[in-house]
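A.B. asks: Sequence first, then the predicted structure:
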Amino acid sequence: MKSMGERSGVPIEPDEQTNLLDSCLSLAGVIGGGVPGAGGYDAIWLLVCDPIDTSPDIPPLERVEQVWSEYKELDVSPLSVIESLAGGARVEDLNSIKGLAEATAPL
C-alpha cells in the first residue's frame with residue numbers, strides 16, 4: 001500500500017502511519033498490521049495475540065496501548081476489539097437482538 005500510494009502521489013499510507021505501524025509491529029505479540037480501505041490518516045489495524053497469562057511480562061495489548069499513548073506524530077486513540085469468548089462465529093437468532101429485525105427489514 002505504501003508503494004502504491006507513493007507511485008500514485010496519494011497518501012494511502014502516510015509516513016506518520018507507517019512509523020506508528022513499524023513501532024507496533026516491532027512489539028512481541030503483534031502478528032500484523034496495515035492501513036484499511038483507501039487509507040489516508042484515519043485508521044490502522046493491528047492483529048495482536050494477547051495470551052491469558054503473560055506474567056511477569058506486559059501483555060501485548062498493553063504494549064500497543066503504551067506506544068499509542070506516547071505517539072506524537074499524529075493524534076491517535078485505540079479502538080480495541082477482542083474475540084468473543086462465546087466460541088467464535090455463530091448464527092444469531094434475528095429476533096433475539098432487539099431492533100435487528102426492524103433494522104434489516106426490506107423497505
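C.D. replies: In hand now; what should we look at?
A.B. asks: what packs against the helix or strand harbouring residue 23?
C.D. replies: Secondary-structure element containing residue 23, defined by DSSP states H and E: helix 15-25. The criterion is 3 or more CB pairs under 8 Å, 6 or more residues apart in numbering; DSSP states H and E, and the helices and strands that helix 15-25 contacts are strand 30-34, strand 45-48, helix 60-70. C-beta coordinates here come from the backbone N, C-alpha and C atoms, glycine included.
A.B. asks: got a list of contacts for that helix?
C.D. replies: Under the criterion CB atoms under 8 Å, 6 or more residues apart in numbering, residues 2, 13, 30, 32-35, 39, 41, 44, 46, 64, 67-68, 71, 73-74, 76 lie in contact with helix 15-25.
A.B. asks: swap in stretch 35-54?
C.D. replies: For stretch 35-54, the surrounding residues in contact (CB under 8 Å, 6+ apart) are 1, 5, 10-14, 16-17, 20-21, 24-25, 29-34, 59-61, 64, 74, 82.
A.B. asks: any weak-confidence spans in this structure?
C.D. replies: 39-40 (pLDDT under 70).
A.B. asks: From residue 56, how far out is the residue nearest the centre of it?
C.D. replies: To find the centre residue of the chain, average its C-alpha atoms and take the closest one (CA atoms, centre = their mean): that gives residue 45, at 2.9 Å. In this view, residue 45 and residue 56 are 29 Å apart by CB to CB, to the nearest Å.
A.B. asks: Kindly report the same for residue 67.
C.D. replies: As for residue 67, its distance to residue 56 is 20 Å (criterion: CB to CB).
A.B. asks: Mark which of the contacts of helix 15-25 are buried, thanks.
C.D. replies: Burial by neighbour count, 16 or more other CB atoms under 10 Å: within the contacts of helix 15-25 this picks out 2, 13, 30, 33-35, 39, 44, 46, 64, 67-68.
A.B. asks: so what's residue 28 up against?
C.D. replies: 57, 60, 63.
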